[in-house]
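> How does the following fold in three dimensions:
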Amino acid sequence: MNLFSSFDPTTNLSLSLNWLSAMLILIFIPPMYWLIPSRLNMLWIIIIMTLHKEFKILLNSSLKGSTLILISLFSFILFNNFLGLFPYIFTGTSHMVMTLALAFPLWLSFMIYGWTNNTTHMLAHLVPQGTPGVLMPFMVCIETISNIIRPGTLAIRLSANMIAGHLLMTLLGNTGPSMTLWILNILLFIQILLLILETAVAIIQSYVFAVLSTLYSSEVV
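Take a look at the predicted model:
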């Protein structure tokens, strides 16, 4: 057992069964959507409607239901981030395999749609308005590179933020047995604060991922 064993999908039985933790979301969905409405149900509906209104403004699209995939993406990442805070549950979003699998198909579909239907609009995005003629070739190179690395930045941002907090909590937790009682109380207080911080990070990172995906999609319309 080493420090990074908790982030290894093949820790148990040499099989990547830990990825099945993403399916635990299904346990929480049925009572929320298919049984008697509860306070949790009403809270989630308020969150979804708020996100729908915001994404609709950002997308600037008349297509009905265009925000559905982005709200679903937010929900999926949020549940996975939260489940990773529970003991002995694998955090799928702390791995590039999952985050890149979410970001790359979205970005690729946006690019294919944009370059196929709005080629002139996509070419205009490569040169910002008011750029001097001498700098235009450099701006095209810079904008092209920044466009290509977008799925990588989305994936790395999410996985790095999720793994950093977990790693810090693991490092502090491993020092507990060698501490005195009063220092252990301070450590426990710090761990609680870190857990609250990780809860906020779980919400913020899922929101950032969904909003940036929305902004990228609005550029190709």
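
> rest of the way, CA atoms for contacts and neighbours
Will do.

> Just the buried positions in the lengthiest helix in the chain, please.
Longest helix of the chain, by residue count under DSSP state H: helix 181-218. Neighbour counts using 16 or more other CA atoms under 10 Å place 184, 187, 191, 194-195, 198-199, 201-203, 205-207, 209-211, 213-214, 216-218 of helix 181-218 among the buried residues.

> In the chain, where is pLDDT below threshold?
For the chain, the stretches flagged by pLDDT under 70 are 1-17, 30-36, 61-63.

> Provide a complete list of residue ranges assigned to helices in the protein.
With helices called from DSSP H, the chain shows them at 25-33, 39-59, 68-83, 96-117, 119-125, 136-148, 150-174, 181-218.

> who's in contact with stretch 141-161?
93-96, 99-100, 102-104, 107, 125-127, 201, 205-206, 209 (CA atoms under 8 Å, 6 or more residues apart in numbering).

> and the residues you listed, which are buried?
93-96, 99-100, 102-104, 107, 126-127, 201, 205-206, 209.

> re earlier: could the helices of the chain go into CSV alongside distance to residue 89?
As requested, these are exported to CSV (distance: least, CA to CA, whole Å):
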stretch, distance to residue 89
helix 25-33, 12
helix 39-59, 22
helix 68-83, 7
helix 96-117, 16
helix 119-125, 43
helix 136-148, 33
helix 150-174, 12
helix 181-218, 15
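
> Please identify which of those is closest to residue 19.
Nearest of these to residue 19, taken as CA to CA: helix 96-117 at 9.3 Å.

> Can I get that closest one as CSV, trimmed to CA atoms?
The C-alpha coordinates for helix 96-117 follow below in CSV (Å, rounded to 0.1, in the frame of the first residue of the first chain):
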residue,chain,number,x,y,z
MET,A,96,-7.8,11.8,-16.8
VAL,A,97,-9.4,8.7,-18.3
MET,A,98,-12.9,9.9,-17.2
THR,A,99,-12.5,13.6,-17.5
LEU,A,100,-10.9,13.5,-20.9
ALA,A,101,-13.6,11.1,-22.0
LEU,A,102,-16.2,13.7,-21.0
ALA,A,103,-14.3,16.8,-22.5
PHE,A,104,-12.9,15.5,-25.8
PRO,A,105,-16.2,14.2,-27.4
LEU,A,106,-17.9,17.4,-26.5
TRP,A,107,-15.1,19.6,-28.0
LEU,A,108,-14.8,17.4,-31.1
SER,A,109,-18.5,17.6,-31.8
PHE,A,110,-18.5,21.4,-31.4
MET,A,111,-15.5,21.6,-33.8
ILE,A,112,-17.1,19.4,-36.4
TYR,A,113,-20.4,21.2,-36.3
GLY,A,114,-18.7,24.6,-36.4
TRP,A,115,-16.3,23.9,-39.2
THR,A,116,-19.0,22.2,-41.2
ASN,A,117,-21.9,24.7,-40.9
